[in-house]
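Participant: mind folding the following:
(2 chains)
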2 protein chains.
Amino acid sequence: MRRAPLLTFAALVAVAPASGARAADALPSWNDGPAKRSIVCFVKRVTTPGKEFVPEPERIATFDNDGCLWAEQPMYFQAFFIFDRIKTLAPQHPEWKDKEPFASVLKGDVKSALAGGEHALIEMAMATHAGVTTEEFDKVVTDWITTAKHPKTGRLYTEMVYQPMLELLAYLRANGFKTFIVSGGGIEFMRPWAERVYGIPPEQVIGSSIKTRFELRDGKPVLVRLPEINFIDDKAGKPVGIQMHIGRRPIAAFGNSDGDLQMLQWTAAGPGARFCLYIHHTDAGREWAYDRQSPIGRLDKGLEEAQARGWTVVDMREDWNRVFPFEK
Amino acid sequence: MRRAPLLTFAALVAVAPASGARAADALPSWNDGPAKRSIVCFVKRVTTPGKEFVPEPERIATFDNDGCLWAEQPMYFQAFFIFDRIKTLAPQHPEWKDKEPFASVLKGDVKSALAGGEHALIEMAMATHAGVTTEEFDKVVTDWITTAKHPKTGRLYTEMVYQPMLELLAYLRANGFKTFIVSGGGIEFMRPWAERVYGIPPEQVIGSSIKTRFELRDGKPVLVRLPEINFIDDKAGKPVGIQMHIGRRPIAAFGNSDGDLQMLQWTAAGPGARFCLYIHHTDAGREWAYDRQSPIGRLDKGLEEAQARGWTVVDMREDWNRVFPFEK
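Facilitator: Here you go, the predicted structure:
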């Protein structure tokens, strides 16, 4: 009797060889273990006709981005973008030489630049993300993301995505799921490359944003980006962003930090079969190891709640036989 | 030479009988004329391999709702909902008996209730749309929309949708388009029934909204609707809402009032083949006839610009052989 869950999983695979085989092949970077099994079992439950079946339009899956789909150490990648933008824009802003946090960025002193915490980061984001049209900003991001390199690996940031998560996104979509990003990062920072890298189109990207204003410039309509916060898509903001953009509660949610906890709670609280997963960064060799004490991607309360509720926790070192696509 | 456009259309149908035939059959409520031909010709252009071909993910079409997909006279249907909610909630608000605009609504004096203009309407919307959870509000809307009847026709409001537009939505989707609603109406007022009535899922509905707040109530997560405006999706707000939700410029946009003008301008200004269409309410017999002077759904500047730019203008009386699904 104690092996019932395992037997159930085996039975499911046995009675539906096609689907089971597809599932096994679809997630080759996942080692056989409880995390992978919980994913395959959940997908089987909601796609098999019967009591737990979920119609395709309701198969909504939401994914955090930083630390969940791509890496986030030693600093959120968007922060590197902000610093690079400050350096690029500095000639137009002579006042930055004597004004914090800009002065520290220009001196290459990241630690001092970030000493002001969230407030300093928001000030820098505003100064570098606003004042241009949406089309101009799209081009700035596209140029940066296709050329800038990660300080540790020397790789493009879009190469530092998790191979097992790319497989998971594709596997869910092959099973009729619609996949969304729900990130604290900037919505217009992710959209220019999310479709190419993750297969997630712009209308399925949810993130933090600044306001925009419609204008006619010499008769040509533009949307101008304003230095004013519109929405912060983090913590309790994530369920709000989900409702605003999707209008339907996800049946599966994937995160890696306390900033994702409310999204997972909101997902778990709906009726029928539900799936919540936390990625635990345990792999100091291939990636990074951090959790309760980390200023970036802290996972503390979330880990408690995952254990208490029986959510899936991915042990990156144990569960993934490959982290990045460029390995091997 | 003067008949070139017509010949081009005939040639397109002739060289592609399958697609042409499907198109002709897919829009039976549209009379053969310039409006129908312009639609079919545009779809042909962007779906045929060649210079004007648009890949499926970029085939975004946006539709206004009031007066474009369903009727809006003698008053926006959501206003009837607001008035009914005020009557239902009145026992919990004894102060409304002496407080305008609520007092006039309770006396059945719609004209006085609306004398305060937009400000009065927003005040009533707040009082009736906030203070409940998103799930509770969904149920209130669903109950109302499945029972309330239009004062003139005695029909359910969801029966007062335009048959030609239902056909157009289906025709575009059959040709790889993703269809969105972009309406000044409440986003959460439309979502509970838009999928059933229009085939448009909640995540493709954009509208005006109030703020919500995430809360744990006895450990159960809820989103509480707050009496605070989040976004007004009208006029210059429409391109802003489109960018926020879709993140990609539509290639086709459909409206019927000056409130849609900026959406059409934004759509028209992109590169490649573009399609903008205004519905002109010219049918006092089967529907209503109104345009430049109407307080509801005014079409004045839009009509000028449509004529100047060669956008398609649907003459409802001439172009539609059927207006509502219940006719005949």
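Participant: list the contacts of whichever strand or helix holds A:Ala306.
Facilitator: Assigned by DSSP states H and E, A:Ala306 falls within helix A:301-309. Helix A:301-309 has contacts (C-beta atoms under 8 Å, 6 or more residues apart in numbering or on different chains) with A:255, A:257-258, A:260-261, A:264-265, A:268, A:276, A:278, A:280, A:291-292, A:311-313. For every residue, glycine as well, the C-beta is placed using N, CA and C.
Participant: surely A:Ala170 and A:Asp25 touch.
Facilitator: No. A:Ala170 is not in contact with A:Asp25 according to C-beta atoms under 8 Å; the separation is 11.2 Å.
Participant: look at those two and report which has more neighbours.
Facilitator: Neighbour count, other C-beta atoms under 10 Å in any protein chain shown: between A:Ala170 and A:Asp25, A:Ala170 has more, with 15 against 10.
Participant: check the burial of the single nearest residue of the stretch 51-200 of chain A relative to chain B by counting its neighbours.
Facilitator: Distance from chain B to each residue of the stretch 51-200 of chain A (C-beta to the nearest C-beta) is smallest for A:Arg191, at 4.7 Å. When neighbours are defined as other C-beta under 10 Å, A:Arg191 has 24 of them.
Participant: so who does it touch?
Facilitator: A:Arg191 touches A:138, A:202, A:205, B:247, counting by C-beta under 8 Å, 6+ apart.
Participant: ranking these by neighbours, who comes first?
Facilitator: Top of these by neighbour count (other C-beta under 10 Å): A:Val205, with 25 neighbours.
Participant: now do the contacts for it.
Facilitator: Contacts of A:Val205 by C-beta under 8 Å, 6+ apart are A:180-181, A:183, A:187, A:190-191, A:194, B:247.
Participant: and the contacts of A:Arg191, which of them are in strands?
Facilitator: A:Val205 (DSSP state E).
Participant: need the max-distance pair from the contacts of A:Arg191.
Facilitator: A:Asp138 and A:Val205 (12.7 Å; C-beta to C-beta).
Participant: if I look at the residue of the stretch 51-200 of chain A closest to chain B, what pLDDT would I see?
Facilitator: Looking at A:Arg191, its pLDDT stands at 98.
Participant: out of the contacts of helix A:301-309, which comes closest to chain B?
Facilitator: Among these, and counting by C-beta to the nearest C-beta, the member closest to chain B is A:Gln265, at 4.9 Å.
Participant: quick check: the closest one vs B:Asp283, distance?
Facilitator: From A:Gln265 over to B:Asp283 the distance is 51 Å, taken as C-beta to C-beta, to the nearest Å.
Participant: again with A:Ala61
Facilitator: Distance from A:Ala61 to B:Asp283, by C-beta to C-beta: 45 Å.
Participant: higher neighbour count, the two?
Facilitator: Set A:Ala61 next to B:Asp283 and count neighbours by other C-beta under 10 Å: A:Ala61 wins out with 22 against 16.
Participant: low-confidence ranges, the stretch 1-150 of chain A, go.
Facilitator: A:1-24 (pLDDT under 70).
Participant: which residues of it lie near chain B?
Facilitator: Residues of the stretch 1-150 of chain A lying close to chain B by C-beta under 8 Å from any C-beta of the partner chain are A:57, A:60, A:134.
Participant: so the last one touches B:Gln243, yeah?
Facilitator: Looking back up the chat, that one is A:Thr134. Yes. Contact criterion C-beta under 8 Å: A:Thr134 and B:Gln243 qualify, at 5.8 Å.
Participant: mind listing the shared neighbours of these two?
Facilitator: Residues touching both A:Thr134 and B:Gln243 comprise A:212, A:223, with contact defined as C-beta under 8 Å, 6+ apart.
Participant: neighbour count: these two, which is higher?
Facilitator: Shown here are A:Thr134 and B:Gln243; by other C-beta under 10 Å, B:Gln243 has more neighbours (22 against 18).
Participant: show me where the stretch 1-150 of chain A has helices.
Facilitator: Ranges of helices within the stretch 1-150 of chain A are A:4-15, A:17-26, A:34-47, A:77-89, A:102-106, A:110-113, A:117-129, A:134-145, based on DSSP state H, counting those that start in this stretch.
Participant: between the contacts of A:Val205, identify the one with the most neighbours.
Facilitator: So for those (other C-beta under 10 Å), the most neighbours sit at A:Ser183, 31 neighbours.
Participant: how near is that one to A:Gln204?
Facilitator: 12 Å.
Participant: any chance of the residues of the stretch 1-150 of chain A next to chain B in a markdown table, plus distance to A:Lys328?
Facilitator: Shown next, in a markdown table, are the residues of the stretch 1-150 of chain A next to chain B (distance: C-beta to C-beta, whole Å):
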| residue | distance to A:Lys328 |
| --- | --- |
| A:Pro57 | 38 |
| A:Ile60 | 34 |
| A:Thr134 | 39 |
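Participant: nearest to B:Gln73 among these?
Facilitator: For the residues of the stretch 1-150 of chain A next to chain B, the nearest to B:Gln73 is A:Pro57 (31.9 Å; C-beta to C-beta).
Participant: isn't that closest one up against B:Glu195?
Facilitator: Yes. Contact status for A:Pro57 versus B:Glu195: in contact at 7.1 Å, counting by C-beta under 8 Å.
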